[in-house]
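**Student:** Task: produce atomic coordinates for the following.
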Amino acid sequence: MTTLWRLACCIAVACHAGLASAETVLERVAAGGKLVIAHRESSVPFSYVDPQTGKPVGYAVDLCLRLAEVVRKKTGMKDMPVEFLQVTPANRITVIEQGKADLECGSTTNNAERRQKVAFTVPHFITGARLLVKAASPIDRVEDLVGKTLVSTKGTTPLKAAEQANRERLLGITLVEAPDHARALEMVEKGEADAFVMDDVLLYGLAAGRPDPKALKVVGRFMTTEPLAIMLPKNDPGFKKLVDEEMRRLITSREIYPIYDKWFARPIPPGNTVLNLPVSYLLRDFWKYPTDQVPF
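**Tutor:** The predicted model follows:
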């Protein structure tokens, strides 16, 4: 046996041993390890840092803390340490994929491309593009914008959806690109545009932050559909099963509704604003048969 062949064999054996000894999340915690929860900096109200306390808060964070309790019970580790790790849109998937965090609690869309790298549990929110108009506007759907002006933020999915709808339905809408959400909102308020198309959760948040939130309203059916869910490692079936079961229990027992209302129907930090965003008809329907399987 040549030296080169012996080296190759040693590498193969070492790699196999490494794979065989790879710990699952539950095994690591049961051995005294910590559970790492990834969070976002400013994904209001899902996952963000409260500037008054410096701690991560939000709807998804609360759900992840519920999941942490289930891990404690399953492993019998009552003193299981929980560590928070701040992530960005750019690195959130890599952090989970590389095992640097066990749960990503934010506003991440579960789609086919991402499922190649990570796993997702049952969606905790379904968002999509809708329209923001003045409170007195008669506009109620995209078809009402025939011959009118519609603004959206440059480079966004809602803008692409609006362009497609306008083209395919021959609506004759004048589409305008704004450099950011703030400018698009300002155009509606000043009458420079008849409506602003964007993810509805962002529209509610933007309206809630205005001096007179009641001067604006969100209307129309979803033009896009994006299920938001907590990310977890792809190849850890035992951990995923535990997480999925608890998410389904929270939904079917309706325990998730007070958690939802806490962040979408009541004052939230830091400015004690109220989003006034009830559970959508789409999310209610999806929660009738909660599953991690989504058709996207």
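**Student:** quick one: the strands in the stretch 51-200 of the chain?
**Tutor:** 55-57, 82-86, 103-105, 119-120, 125-127, 129-134, 149-153, 174-178, 195-199 (DSSP state E, counting those that start in this stretch).
**Student:** With distance to Glu189, mean neighbour count and mean pLDDT added, can I get those strands in CSV?
**Tutor:** C-betas here are computed from N, CA, C, even on glycine. Formatted as CSV, the strands of the stretch 51-200 of the chain follow (distance: least, C-beta to C-beta, whole Å; neighbours: other C-beta atoms under 10 Å; pLDDT from 0 to 100):
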stretch, distance to Glu189, mean neighbour count, mean pLDDT
strand 55-57, 29, 18, 96
strand 82-86, 33, 14, 97
strand 103-105, 33, 27, 97
strand 119-120, 37, 24, 98
strand 125-127, 23, 24, 91
strand 129-134, 8, 24, 96
strand 149-153, 11, 23, 94
strand 174-178, 12, 17, 95
strand 195-199, 10, 27, 92
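**Student:** Tell me which of these sits nearest to Tyr48.
**Tutor:** Tyr48 lies closest, by C-beta to C-beta, to one member of these: strand 55-57, at 6.6 Å.
**Student:** pLDDT below threshold where in the protein?
**Tutor:** Residues of the chain that meet the criterion pLDDT under 70 lie in 1-21.
**Student:** Show the contacting residues for the residue nearest in space to the middle of the chain.
**Tutor:** Residue closest to the average C-alpha location in the chain (C-alpha atoms, centre = their mean): Ser107, at 1.8 Å. Ser107 makes contact with Arg40, Ser43, Phe46, Ser47, Ala60, Phe125, Val201, Leu228 under the criterion C-beta atoms under 8 Å, 6 or more residues apart in numbering.
**Student:** My guess is the fifth one contacts Ser47. True?
**Tutor:** Yes - the pair Ala60 and Ser47 qualifies as a contact (C-beta atoms under 8 Å) at a distance of 4.7 Å.
**Student:** residues shared between the contacts of these two?
**Tutor:** Common neighbours of Ala60 and Ser47 (criterion: C-beta under 8 Å, 6+ apart): His39, Cys105, Gly106, Ser107.
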